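[1] structure here, sequence nowhere to be found:
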């Protein structure tokens, strides 16, 4: 996944640790990063979820480590691919194609889990799965890869 930086260079996908209030680390936040000028920005598709998480953390007064990929489905799919991508780079499949495939697989899995939650009449679980489905399906439906190559 790539995007153009304001300096004209291509930015690549990476993951960062964000420190919030000097007491909470939010790890595995997907970002676009420019190797030339070191500019980085949070991936637009997860920014609203990151801001919502920051609001929750502000209210809770928690301390410690939060793994963002455990909060955001899209970040989780990206992170799982990126962990093995270096070994797979010799394949002809691009990151974007693999990512889209893995997103569709995750959507199918979440739909199956939703069916199980519905069968159990577990409203809280259904709501959580619906939230996760929205995070990933919105991205797939409105593919944010346009202009990011």
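    Sure, I can see it. As the structure is a computational prediction, the values presented were derived from the model and not from experiment.
[2] report the buried residues of the strand or helix carrying residue 33.
    Following DSSP states H and E, one finds residue 33 within strand 24-34. For strand 24-34, burial by neighbour count (16 or more other C-beta atoms under 10 Å) applies to 24, 26-34. For every residue, glycine as well, the C-beta is placed using N, CA and C.
[3] distance to residue 132 added to these, as CSV?
    As requested, the buried residues of strand 24-34 are exported to CSV (distance: C-beta to C-beta, whole Å):
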residue, distance to residue 132
24, 22
26, 18
27, 19
28, 16
29, 17
30, 16
31, 21
32, 23
33, 26
34, 30
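[4] circling back to that earlier point, give the next helix or strand downstream of the strand holding residue 33.
    Toward the C-terminus from strand 24-34 - assigned by DSSP H and E - lies strand 40-42.
[5] quick one: mean pLDDT over that next one.
    Regarding strand 40-42, the rounded mean pLDDT is 92.
[6] check which helices and strands it sits against.
    Applying 3 or more C-beta pairs under 8 Å, 6 or more residues apart in numbering; DSSP states H and E, one finds that strand 40-42 contacts strand 10-20, strand 24-34.
[7] check which residues of the first one are buried.
    Judged by neighbour count using 16+ other C-beta under 10 Å, the buried positions of strand 10-20 are 11, 13, 15, 18.
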